[in-house]
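Undergrad: Have a look; sequence and predicted model below, questions after that.
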Amino acid sequence: MKNNNPYNSGLEQNKANFRPLTPIEFIQRAAEVYPHHPAVIYGDITRNWEQTYRRCLKLADALSRRGIGVGDTVSALLPNMPELLELHFAVPMIGAVLNAQNTRMDADTIAFMLDHSDCNVLFCDREFSDLASNALNSCAKPPLVIDVDDPTFNGGRPLGELSYQQLLLEGDENYVWQAPADEWQAITLNYTSGTTGNPKGVVYHHRGAYLNATSNIIGQNLPPQAVYLWTLPMFHCNGWCYPWAVTAVAGTHVCLRHLRADQVYQAINRYGVTHFCAAPVVLNMLLNAPEEQKTYFDHPVTVTTGGAAPPASIIEGMEKIGIQVVHAYGLTESYGPSVFCAFQSEWKDLKLEQKAEKMARQGVKAPALSALMVADPISLQPVPMDGISMGEVFIQSNTLMKGYLKNTQATTEAFQDGWFHTGDLAVRHPDGYIEIKDRAKDVIISGGENISTIEIEDLLYRHPDIFEAAVIAKPDEHWGEVPCAVVTLKGPEQGADPKIVTEQQIINFCRDRIAHFKCPKQVIFAPLPKTSTGKVRKNQLRALLQKG
Ligand code: AMP
């Protein structure tokens, strides 16, 4: 190596050639290049990019006049509505941090999050006024509350000193925002669901948000001016970074307050939706909607699914109704999607069932990811690529969180040995694609063998009378643990005639198709409790089993 590298001397970074990466630039460009293109549609409201950008500038200015700035937290208890999209740009414009809260949390958890983040301002929708008011009552230092008025929603009550509309009037649309001095500056805060103990506050930075948004564009083939339907909650990992990704392609955000199958089908047709994201439970709901609610599309529609493993039968079902599926895997800590099941052209020639099986695997590195490995959690030795050896999934990426807010110990543990520890167990196939087998805490160890609950669930979803299924470990004197299935049968809500299906029939169905030691030893017929992001609450099912 030369002592004086000529490619360094006199070639320093300067203000022109080195800018902090920030997704705020996406909206500025959309407004400059496509000012009249629809940015957002919500019921009767349609606003173009120029109008939306102006509203963001006013909001940023108004918040800044009220003393909000770098290091402050602005929280939101809002459904998927235009105002939440605007907050994704206006709050970072003033250097503050957006905390979009999970609207299905209980009041105590919301109070915890408001206090823990030293929240300065809370934007609240009337639908959540009781929840917010209970939370605020137990807050140590209640924030300024701003009501977001939605003429389409009746009910609830205003809680705050002023409304969003009034706040906008305090701001100037000529506000000049500055990119953060450092792209590592915090942009958003997302709390994990906290199934055990208090939730952890995952902090995102401007650079990661910019990179994951662009990674989504490449990974999900998001074209210029995509029409994107908001079925995924915007509060879940900032809607997997889609507020920024869709804006980067100057697309149109179609917002829906409530997730209902008929409304999703109607919106796809009415607005020519090209893309949406949804957890597998939502796809299952769409597939099992009564026939009269379903409409068929004559334009290409792509859904990105993730958040839980999609059974191959659901991928198959979506493709049959003309919706292309992209399967993605990620965590709150990784800004949502960080692994995609990249489609290989030779899969096109496979039978649908085999194609869906390939696509149900989680896949390979997203474009922004630096490294993905499945390895032994102690030695960090990668497992062989044989589709059988199980290890933990580890990630290195510029699209990983800064860390957990005010929790150094958890941050250090998560990043130990220079890798992010996902806590998910997977195998790696000979073609390099990873397949998640379980959360480490859910895997069943029976007579010394690991049994993947996802594999059994995948099979149960192929049973013609089963609507939903989850598998958990049941303590067993002889084997240590054995699989227990909890299932819900299809009924009138899914347009099916109620059928009598017995426990033994379901066990036999499995015994005819997989190794007997993997088959459920017990089947419970019960509804599945789920989180608002579409995950089955297996801890509650285990508690149900203990109660007997
Ligand atoms: P959250 O932080 O709430 O988004 O949850 C992240 C967890 O969801 C991961 O650690 C996985 O256990 C699970 N998960 C996300 N996407 C997938 C997927 N495509 N397949 C299987 N599990 C997934």
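TA: Noted; the coordinates are in hand.
Undergrad: burial of the residue nearest to residue 283 when sequence neighbours are not counted, as a residue count?
TA: Spatially, and ignoring its direct neighbours in sequence, residue 283 is nearest to residue 314 (5.1 Å; CB to CB, 6 or more residues apart in numbering). No exception for glycine: its C-beta is placed from N, CA and C like everyone else's. Residue 314 has 24 neighbours, counted by other CB atoms under 10 Å.
Undergrad: so residue 314 sits right up against residue 461, yeah?
TA: Yes - Residue 314 lies in contact with residue 461 (CB atoms under 8 Å); the separation is 6.6 Å.
Undergrad: returning to that earlier point: let me know the pLDDT of the residue nearest to residue 283.
TA: We note a pLDDT of 95 for residue 314 in this prediction.
Undergrad: how many neighbours does the closest residue to the ligand within the stretch 1-150 of the chain have?
TA: Proximity of the stretch 1-150 of the chain to the ligand (CB to the nearest ligand atom) peaks at residue 102, 9.7 Å away. Residue 102 sits with 21 neighbouring residues when counted by other CB under 10 Å.
Undergrad: ok, now residue 312?
TA: Neighbours of residue 312 under the rule other CB under 10 Å: 22.
Undergrad: Roughly how far does it sit from residue 372?
TA: Separation of residue 312 from residue 372 (CB to CB, to the nearest Å): 22 Å.
Undergrad: same deal with residue 244?
TA: For residue 244, the distance to residue 372 equals 23 Å [CB to CB].
Undergrad: And the two? Which one has more around it.
TA: residue 244 (28 against 23).
Undergrad: Helix or strand: which one has the more buried one?
TA: Under the criterion of DSSP states H and E, residue 244 resides in helix 242-248.
Undergrad: what's the average pLDDT for the next helix-or-strand element following that helix?
TA: Sequence order places strand 252-255 as the next helix or strand after helix 242-248, per DSSP H and E. For strand 252-255, mean pLDDT is 98.
Undergrad: go on, stretch 443-452?
TA: Across stretch 443-452, pLDDT averages out at 89.
Undergrad: Regarding that stretch, how distant is the last residue from the first?
TA: 6 Å (CA to CA, to the nearest Å).
Undergrad: And stretch 279-298, by the same measure?
TA: Taking CA to CA, the first and last residues of stretch 279-298 lie 24 Å apart.
Undergrad: ditto for stretch 522-534
TA: Taking CA to CA, stretch 522-534 runs 24 Å from one end to the other.
Undergrad: Now do it: everything it contacts.
TA: Outside stretch 522-534, the residues that touch it by CB atoms under 8 Å, 6 or more residues apart in numbering are 102-104, 193, 233, 236, 278-282, 307-308, 468-470, 474, 482, 484-489, 503, 506-507, 536-537, 540-541, 544-545.
Undergrad: Of those residues, which belong to strands?
TA: Using DSSP state E, the members of those that fall in strands are 278, 468, 469, 470, 474, 482, 484, 485, 486, 487, 488, 489.
Undergrad: Quickly name whichever of those is closest to the ligand.
TA: The closest of the ones in strands among the contacts of stretch 522-534 to the ligand turns out to be residue 278 (CB to the nearest ligand atom; 11.8 Å).
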